[in-house]
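J.: Sequence and predicted structure below; questions after.
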Amino acid sequence: MGYIISIANQKGGVAKTTTAIHLSIALSQKNHKTLLIDLDPQRNSTGVLLKKMDFPADKTIYSAFQKQPIQGDMIYQTEYDNLFIIPSTIKIVEIENLLAGMVDGFFRLSGSINDISREFDFIIMDCPPSLSILTVNALVAATDILIPLQISKFSIDGLNGLLDVINTVQKRYNPKLKILGGVFTFYDERTTIARAMIKKIPDKIHILKTKIPKSVSVEEAFMLKSDLFSYAPRNKVTLAYKNLSSEVINELE
């Protein structure tokens, strides 16, 4: 079985989806067969990598939460040779009510992923910006979690809640889940808050050395339903995600 990495943070706007997309591409370009699972009802990973967002619900990750096995027609090839994606759907917002009170509610995704995990070197899960049942399912299914962190007070304050959920999942549902680490995003070392926060966070979790800088090219690429590897291959953010993929591989080994 390969590595199953959840990209999670309940705080929105921390480059969670940006990290999921570009880490997946970078890993695939290192000849690792990679699957990105879009669990976010905003469907931005789906839109960037497949150039559209609307797919039949039974051909998306929605089916996995209804005890349907992941079929080949749910896995879509992207423009990158080694990168595949299971798209999301707006209907995934129904999962919270669908699984409420279900005995196996936290294990639906894990059961489905187990059937395909041996086919991929990496499975990356783009979680929604909340501590919903979707995120908990992702943590129960994962081998590791990577936490994007923006240098801001609210982002850092929210980390404690996420760590509490991770601790609960480790104790009750998935004792093998490991925190791969945090990765700073929108990073600008010139600011006072960046220098202050970078000293505080290691007390809570391991922080990866790679830092993802700010760049307007990210939004430009997304506006065109493109990614940085295609739109701006030499951009500083693109190069940072290449470095992050190498660091992730080293951390896991």
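T.: Received the coordinates, thanks.
J.: Do a quick rundown of the strands in the chain.
T.: Assigned by DSSP state E, the strands in the chain fall at 3-7, 34-38, 76-77, 83-86, 122-126, 144-150, 178-185.
J.: Sheet-wise, list the partners of the third one with their directions.
T.: Partner strands and pairing direction for strand 76-77 (DSSP bridges) are strand 83-86 (antiparallel).
J.: now this protein, which segments are flagged as low pLDDT?
T.: Residues of the chain meeting the criterion pLDDT under 70: 1, 153, 155, 194, 199-203.
J.: Comparing the strands of the chain, which comes out most buried?
T.: Comparing the strands of the chain by mean neighbour count (mean count of other Cβ atoms under 10 Å), strand 34-38 ranks first with a mean of 29. From N, CA and C alone the C-beta is placed, and that goes for glycine too.
J.: Report all helices and strands that that strand contacts.
T.: If you count contacts as 3 or more Cβ pairs under 8 Å, 6 or more residues apart in numbering; DSSP states H and E, strand 34-38 packs onto helix 16-29, helix 44-50, strand 83-86, strand 122-126.
J.: In the sheet, which strands lie alongside it, parallel or antiparallel?
T.: Strand 34-38 is paired, per DSSP bridges, with strand 83-86 (parallel), strand 122-126 (parallel).
J.: dump the residue contacts of Ile92.
T.: 39, 41, 60-62, 65, 134 (Cβ atoms under 8 Å, 6 or more residues apart in numbering).
J.: Quick check: longest helix in this protein by residues?
T.: Secondary structure of the chain read by DSSP state H shows that its longest helix is helix 153-172.
J.: mind saving the C-alpha coords of it as CSV?
T.: C-alpha atoms of helix 153-172 as CSV (Å, rounded to 0.1, in the frame of the first residue of the first chain):
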residue,chain,number,x,y,z
LYS,A,153,-3.2,34.6,14.5
PHE,A,154,-6.5,33.0,13.4
SER,A,155,-4.8,30.3,11.5
ILE,A,156,-2.5,29.5,14.3
ASP,A,157,-5.3,29.6,16.9
GLY,A,158,-7.3,27.1,14.9
LEU,A,159,-4.5,24.7,14.9
ASN,A,160,-5.3,23.5,18.5
GLY,A,161,-8.8,22.4,17.4
LEU,A,162,-7.4,20.4,14.5
LEU,A,163,-4.8,18.8,16.7
ASP,A,164,-7.5,17.8,19.2
VAL,A,165,-9.5,16.1,16.4
ILE,A,166,-6.3,14.3,15.1
ASN,A,167,-5.6,13.1,18.6
THR,A,168,-9.2,11.7,19.0
VAL,A,169,-8.9,10.0,15.6
GLN,A,170,-5.6,8.4,16.6
LYS,A,171,-6.9,7.1,19.9
ARG,A,172,-10.3,5.8,18.6
